[in-house]
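> With the input below, show me the fold.
(one chain, ligands or ions: 2)
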Amino acid sequence: MTSTPSAAREIPLRNGNGNGSTNPGEDLTRTVSSSFGTLDNLSKSPTATFHSTPSSYGGHQKPSTKQLKPFHTEDIKILLLENVNKTGQEILRKQGYQVEALKSSLPEDQLIEKIRDVHVIGIRSKTQLTASVLKHAKNLIVIGCFCIGTNQVDLKYAAENGICVFNSPFSNSRSVAEQMIGTIIMLARQIGDRSNELHQGIWNKVSAGCWEVRGKTLGIVGYGHVGSQLSVLAESMGMKVIYFDVVNLMSMGTSSQVHSLDELLKQADFVTLHVPEIPETRNMISTHQLEQMKQGSYLLNASRGSVVDIPALIKAMQAGKLGGAALDVYPNEPAGNGPHFNNDLNDFTEDLRKLKNVILTPHIGGSTEEAQSAIGVEVAESLLNYVNLGTTSGAVNMPEVSLRSLTLDEPNHLRVVYIHKNVPGVLRRVNEILGDHNVDKQMTDSRGDVAYLMADISNVNISEIKALYQSLEDLGSRIRTRVLY
Ligand SMILES: NC(=O)C1=CN([C@@H]2O[C@H](COP(=O)(O)OP(=O)(O)OC[C@H]3O[C@@H](n4cnc5c(N)ncnc54)[C@H](O)[C@@H]3O)[C@@H](O)[C@H]2O)C=CC1
Ligand SMILES: O=C(O)C(=O)COP(=O)(O)O
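Residues are numbered from 1 along each chain as shown. Ligands and ions are numbered 1, 2, ... in the order given. Now for the predicted structure:
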């Protein structure tokens, strides 16, 4: 699906270029993108959005009217890093946004420079959007993670500053699971080593230490989207599957959940890791855990680099404890493609690279045409739904709020989006402000310290919008106000 969100279809065919005329033949997609105006051109443009920029990132200071960040039709600036798929880029460009797409991530100083004036940023797993970076992002309203993981973003800081974060929760799960299947067989048959040898002209036809996977036990750590998909594929090859997860989950096929990580490590011939990067999973596999593993077993990590203690793994491999290992992720991954053997990162030390039957891949678990294309569409649509309509469905750090339709085709209708601190008394005060008009629909929800209110109101004259906006901005609870009409 690459079309404009359905709710947007109900947006009237208005001319957002500032001359105020209605053009029924105008392209819908373009019309939606035209729903940004400025305080200055209010009288000229019937379709406009006000955005506020937090004057301090705690959201404590009230902004003055001067701090309103107005947009003309093409004023939405989007920065896409890390080679976001063309599918996503095209959806965003079709909206008329200004899109700059770069192939790699950026070092922090360059990121800070670039992020200063963009309204939207799209990243993948590499770009670190920490609080110290985000505090420079004065105009940022939304972040799109064109991947599954969101550990690279300070989600709490973003929410507290009115920046919504989206990801693609399962578009690449199958790709990771398939890579695991391939890698399990490669390790079992030492295919990486045989291939490397033959690339060097060495014929080494051996069967010692090479095994079928049929009948072997696969231990999956983290039985979410990737882990459960892998479970099904592994069973179809005749493997016995056990898994460990902090949550009680339904077993796929004939797999079974075990009660502890140690229990899994003691039973599994192959251990694969599919947990998120959180404090509890840091160095989850270290010396003790490697000691629990069966002699000659295999370890595969396609989750995050911090989950495996790499020096401990090197020691276990050197001691002959494991039969092999595969790493797709590393604690410090390079920003872009190219040779990285001689940098000062410790991820690719010679000790690791010269180990036998260790397969090293450059974080490509989710890197297939299918996955990237699907992720591009999914995240780009979430971004434009958020920018154009304020909808947070699928957000990872905000409450999920959407209203069934926009009634902007009727005169004097507008949508208010009010992100505020989740403290008592706010709704009463907001509704005192909105209550002078007719509230057609309203939804509010909270997540932790942040609440999100969306209301469609009618009977508002254009001359009243500025005052309405300012009244909401003046409330002490305000994090960000947007008025779309
Ligand atoms: N190598 C690659 O290219 C890719 C890597 N990933 C990584 O894989 C991770 C897993 O992806 P999904 O399966 O989609 O995530 P998910 O959120 O669907 O599943 C993660 C599972 O891990 C479990 N879990 C959390 N903490 C745990 C702990 N301490 N011990 C055991 N289980 C725990 C959760 O309960 C959940 O069931 C992502 O967070 C991401 O970091 C994801 C996609 C591609
Ligand atoms: O989806 C994820 O979390 C991944 O790890 C894949 O990341 P990538 O998009 O390849 O940078």
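
> Residue ranges of each domain in the chain, please.
For the chain, automatic domain parsing gives the domain ranges 8-170+371-402, 173-360.

> Ligand 2: which of those is closest?
domain 8-170+371-402 (3.1 Å; Cβ to the nearest ligand atom). C-beta here means a position set from N, CA and C on the backbone, and glycine is covered the same way.

> Now the closest one: average pLDDT?
The average pLDDT for domain 8-170+371-402 rounds to 74.

> quick one on the thing from earlier: point out the most buried one among the domains of the chain.
Stretch with highest mean neighbour count among the domains of the chain: domain 8-170+371-402 (a mean of 20; mean count of other Cβ atoms under 10 Å).

> who are the neighbours in contact with Leu468?
Neighbouring residues of Leu468 by Cβ atoms under 8 Å, 6 or more residues apart in numbering: 416, 433-434, 437, 460, 483.

> Could you check the pLDDT of it?
pLDDT, Leu468: 93.

> Just to be sure, it is in a strand?
No - per DSSP: H, G, I helix; E, B strand; the rest coil, Leu468 lies outside any strand segment and is helix.

> Pretty sure Ser260 sits against Tyr243.
No - counting by Cβ atoms under 8 Å, Ser260 stays clear of Tyr243, with 11.8 Å between them.

> excluding its backbone neighbours, what's nearest Met284?
Using Cβ to Cβ, 6 or more residues apart in numbering and skipping residues adjacent in sequence, the residue nearest Met284 is Val307, 5.1 Å away.

> I'd say that neighbour and Ile285 touch.
Yes - contact criterion Cβ under 8 Å: Val307 and Ile285 qualify, at 6.4 Å.

> shared neighbours, the two?
Shared contacts of Val307 and Ile285, defined by Cβ under 8 Å, 6+ apart, comprise 273, 301.

> And the spatially closest residue to Ala131 that is not a sequence neighbour, how close does it get to Gly476?
What sits nearest to Ala131 in space, not counting adjacent residues and going by Cβ to Cβ, 6+ apart, is Tyr157, at 4.2 Å. Distance of Tyr157 to Gly476, computed by Cβ to Cβ, to the nearest Å: 20 Å.

> re the thing from before, how about the residue nearest to Met284, phi and psi?
Main-chain dihedrals, Val307, degrees, to the nearest 10: phi -80, psi -30.

> Could you pull up the contacting residues of it?
Here Val307 is in contact with 273, 275, 277, 281-285, 301, 329 (criterion: Cβ under 8 Å, 6+ apart).

> can I get these in CSV with secondary structure, distance to Thr392 and pLDDT?
CSV is the format used below for the contacts of Val307 (DSSP: H, G, I helix; E, B strand; the rest coil; distance: Cβ to Cβ, whole Å; pLDDT from 0 to 100):
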residue, secondary structure, distance to Thr392, pLDDT
Leu273, strand, 31, 98
Val275, coil, 26, 98
Glu277, coil, 24, 97
Thr281, helix, 27, 98
Arg282, coil, 30, 98
Asn283, coil, 34, 98
Met284, coil, 32, 98
Ile285, strand, 36, 98
Asn301, strand, 33, 98
Val329, coil, 29, 96
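
> Now cross-check these against ligand 1 and list the overlap.
When contact is defined as Cβ under 6 Å from any ligand atom, these meet ligand 1 at 275, 277, 281, 329.

> Return the residues of this protein in contact with ligand 1.
Counting by Cβ under 6 Å from any ligand atom, the residues of the chain close to ligand 1 are 148-149, 172-173, 176, 221-227, 244-247, 274-277, 280-281, 302-304, 328-329, 363, 365-366.

> circling back to that earlier point, dump the contacts of Val307 into JSON lines; add distance to ligand 2 as well.
JSON lines is the format used below for the contacts of Val307 (distance: Cβ to the nearest ligand atom, whole Å):
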{"residue": "Leu273", "distance to ligand 2": "12"}
{"residue": "Val275", "distance to ligand 2": "12"}
{"residue": "Glu277", "distance to ligand 2": "9"}
{"residue": "Thr281", "distance to ligand 2": "13"}
{"residue": "Arg282", "distance to ligand 2": "16"}
{"residue": "Asn283", "distance to ligand 2": "19"}
{"residue": "Met284", "distance to ligand 2": "16"}
{"residue": "Ile285", "distance to ligand 2": "17"}
{"residue": "Asn301", "distance to ligand 2": "11"}
{"residue": "Val329", "distance to ligand 2": "7"}
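
> Now tabulate the residues you listed in TSV and tack on distance to Leu403.
As requested, the contacts of Val307 are arranged in TSV below (distance: Cβ to Cβ, whole Å):
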residue	distance to Leu403
Leu273	41
Val275	36
Glu277	34
Thr281	37
Arg282	40
Asn283	45
Met284	42
Ile285	46
Asn301	43
Val329	39
